[in-house]
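Asks: Need a 3D model of the following:
(one chain, ligands or ions: 1)
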Amino acid sequence: MDYVIITRDDDKSKRLAERFHALVKPHGFRVNAEQPELVLTIGGDGTLLQAFHQYTDRLDSTGFLGIHTGHLGFYADWHPEQMEHLVHLMLTEDLEEKVVSYPLVSIELETSSGSKKWLALNECTLKGIDHTMVAEIKLNDELFVQFRGDGICISSPSGSTAYNKSLGGAIIHPSFEGIQIAEIASINNRVFRSLGSSILLPEHHHCEIFPRAQQNLLFTVDQLSSTHHEIYKLRCAVAEEKIRFVRYLPFTFWNRVREAFIE
Ligand code: NAD
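Replies: Residues are numbered from 1 along each chain as shown. As a prediction, this is how the structure comes out:
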């Protein structure tokens with residue numbers, strides 16, 4: 001198998017990576033950073049998000065799997081002590097039969113310097129930096145709301161347990177093909193009004209945000225961020241691409257939610 005390891009920059013994660021290389025080398029596994037069949041991350045969810053953005057051009061032929069070296073992650077869900085067992089499963093099971101695919105957010109940002117596209121595994125956000133963000137939000141080309149507040153978060157189903165959850169958004173099972181739009185501290189009074197709850201768009205819908213001209217805004221895609229003074233439009237929809245996770249062990253999303261947030 002051709003694979004690559006992306007590690008968090010700490011000694012424990014780097015030592016585990018060396019251990020993995022030593023375990024699989026006798027079995028003919030090869031490090032191939034250009035065209036890996038498997039991207040193994042060692043660190044936290046942030047490490048997996050980083051790896052995802054590094055390999056977004058190979059999503060259809062690459063599987064992702066994460067080992068956590070801190071607390072249990074949502075994406076990085078293998079324990080370091082399970083590494084030998086993981087290698088055994090890699091040697092005996094067919095990777096392609098263990099793949100599950102999760103939806104992503106497709107993003108297009110139009111600014112005074114041009115248009116750029118991204119995919120988000122968790123979410124993208126648009127936030128005011130020094131003032132309230134004022135923006136028109138359209139759903140399927142029709143005006144939905146004139147928004148005023150800190151910002152807007154648009155998340156994937158697997159990202160619904162991240163920033164979206166802190167905003168009071170619903171947790172969505174990753175088999176649902178949709179995106180969720182959550183308000184970040186909207187202003188609601190007798191003059192300004194927004195919905196106040198998050199909404200879920202199905203696969204064939206799209207959302208566009210048109211910020212008022214000349215606002216300093218922070219734009220984020222997962223762990224990446226940039227600031228802009230003139231954003232014309234942010235467009236989001238369910239992406240055609242998906243991320244492929246390799247699930248060698250039985251996995252239920254709702255168990256992961258319970259383990260992470262309840263007990
Ligand atoms: P990070 O890598 O330190 O991650 C922050 C926390 O979010 C970690 O505890 C991580 O385990 C958790 N996390 C990441 N993805 C998750 C998911 N899908 N479900 C549940 N928990 C998840 O932080 P970073 O590198 O700056 O940004 C990465 C992510 O942090 C962003 O994609 C965003 O979702 C999240 N974030 C959350 C908040 C918030 O909850 N208030 C604010 C900003 C960013």
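
Asks: what does the helix or strand in which Ala260 is found contact?
Replies: Using DSSP states H and E, Ala260 sits within helix 253-261. If you take Cβ atoms under 8 Å, 6 or more residues apart in numbering as the criterion, helix 253-261 is touched by 72, 74, 77, 161, 165, 171, 173-174. For the C-beta atoms, the positions are set from N, CA and C on the backbone; glycine is no exception.

Asks: Going through the residues you listed, which ones are buried?
Replies: Among the contacts of helix 253-261, those buried by neighbour count (16 or more other Cβ atoms under 10 Å) are 74, 77, 161, 165, 174.

Asks: what's the burial count for the nearest residue to Pro80 once chain neighbours are set aside?
Replies: Counting by Cβ to Cβ, 6 or more residues apart in numbering, Pro80 lies nearest to Leu16, which is 5.6 Å off, once chain neighbours are set aside. Neighbour count for Leu16, taken as other Cβ atoms under 10 Å: 19.

Asks: tell me the SS of Leu16?
Replies: helix (DSSP: H, G, I helix; E, B strand; the rest coil).

Asks: pretty sure it contacts His79?
Replies: No: look at Leu16 against His79 with Cβ atoms under 8 Å: they stay out of range, at 10.8 Å.

Asks: anything in contact with each of those two?
Replies: Ile67.

Asks: can you map out the helices along the stretch 101-250 of the chain?
Replies: When secondary structure is read from DSSP state H, counting those that start in this stretch, the stretch 101-250 of the chain shows helices at 163-166.

Asks: Spell out the residue ranges of the strands in it.
Replies: For the stretch 101-250 of the chain, the strands defined by DSSP state E, counting those that start in this stretch cover 114-120, 123-128, 133-139, 142-155, 178-186, 199-202, 206-211, 217-221, 224-228, 231-246.

Asks: okay, those strands, which one's buried deepest?
Replies: strand 123-128 (a mean of 24; mean count of other Cβ atoms under 10 Å).
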